[in-house]
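S.K.: quick one, what's the 3D model for this:
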Amino acid sequence: MDLNQLLAGRSITEAAIEGAKWLAIADGVLLLATVLAFVLGWGWRFRLVGATAFTLVLVAGLLGFGVSLRERPRVEGAIAYKLVYDTGATQAAIAVPAEIDRDQLVATLKQAAIDLYSPGRVGGKPVLTIRARSMSHPEEGVSQLKYLGQIERSLTVREDPNPKIQVF
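M.R.: Numbers count the residues shown, from 1 in each chain. Model prediction:
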């Protein structure tokens with residue numbers, strides 16, 4: 001059994017939240033058994049308290065995991081890039097192959113804008129600028145850096161509907 005069969009077409013977020021629901025139900029049953037154990041004076045009632053508390057911790061952890069895990073969308077046509085510079089604030093640079101075409105460049109810039117977005121970025125202006133560059137070697141021992149394009153996206157909106165894209 002692989003992960004796809006286990007998830008049955010659901011995302012990891014959906015599976016974690018559903019698992020938290022089932023654990024919460026089990027915790028409710030354990031809580032009822034614990035109350036019953038105290039009313040009837042069973043000798044192992046304190047073990048039920050521990051099991052109930054531990055299950056509650058598992059519910060909280062799984063729910064937190066499911067809520068915090070957000071799968072980023074993929075932009076069709078984007079190619080793999082390498083992050084070469086990131087201030088952690090408002091500027092970043094990615095490296096792409098020199099033979100990239102215009103459509104791939106635009107899609108890759110959009111993908112980088114999605115991947116590098118974080119509401120925790122702080123800077124002078126609320127805009128993240130990502131530049132795409134390539135490196136060429138015209139002769140032995142000489143490297144030339146060439147900027148191919150850039151994208152500017154808002155840091156105040158999670159899904160910026162109209163980022164500014166420039167291809168140089």
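S.K.: just the strands in this structure please.
M.R.: Assigned by DSSP state E, the strands in the chain fall at 82-86, 91-95, 127-139, 142-154, 164-167.
S.K.: ok, the first one: who's next to it in the sheet?
M.R.: Looking at strand 82-86 with DSSP bridges, its paired strands and their directions are strand 91-95 (antiparallel).
S.K.: contact partners for Met135?
M.R.: When contacts are counted by C-beta atoms under 8 Å, 6 or more residues apart in numbering, Met135 touches 95, 98, 143-146. All C-beta atoms are positioned from the backbone trio N, CA, C, and that covers glycine.
S.K.: closest to Val49 out of the strands of the chain?
M.R.: Nearest of the strands of the chain to Val49, taken as C-beta to C-beta: strand 82-86 at 48.0 Å.
S.K.: by mean pLDDT, flag the weakest helix or strand of the protein.
M.R.: Every helix and strand of the chain was ranked by mean pLDDT, DSSP states H and E. The lowest is helix 3-7, at a mean of 58.
S.K.: circling back: need the winner for burial among the strands of the chain.
M.R.: Of all these, strand 91-95 carries the top mean neighbour count, a mean of 20, counting by mean count of other C-beta atoms under 10 Å.
S.K.: per-residue confidence averaged over that one?
M.R.: Mean pLDDT, strand 91-95: 93.
S.K.: what's it in contact with?
M.R.: 81-86, 108, 112, 116, 128-135.
S.K.: ok, and for the longest helix along the chain, which residues are buried?
M.R.: The longest helix of the chain (DSSP state H) is helix 12-40. Neighbour-count burial for helix 12-40 flags 15-17, 19-20, 23-24, 27, 30-31, 34, 37 (criterion: 16 or more other C-beta atoms under 10 Å).
S.K.: tell me the domain ranges of the chain?
M.R.: Following automatic domain parsing, the chain resolves into domains at 3-68, 82-167.
S.K.: between those domains, which gets nearest to Val75?
M.R.: domain 82-167 (4.3 Å).
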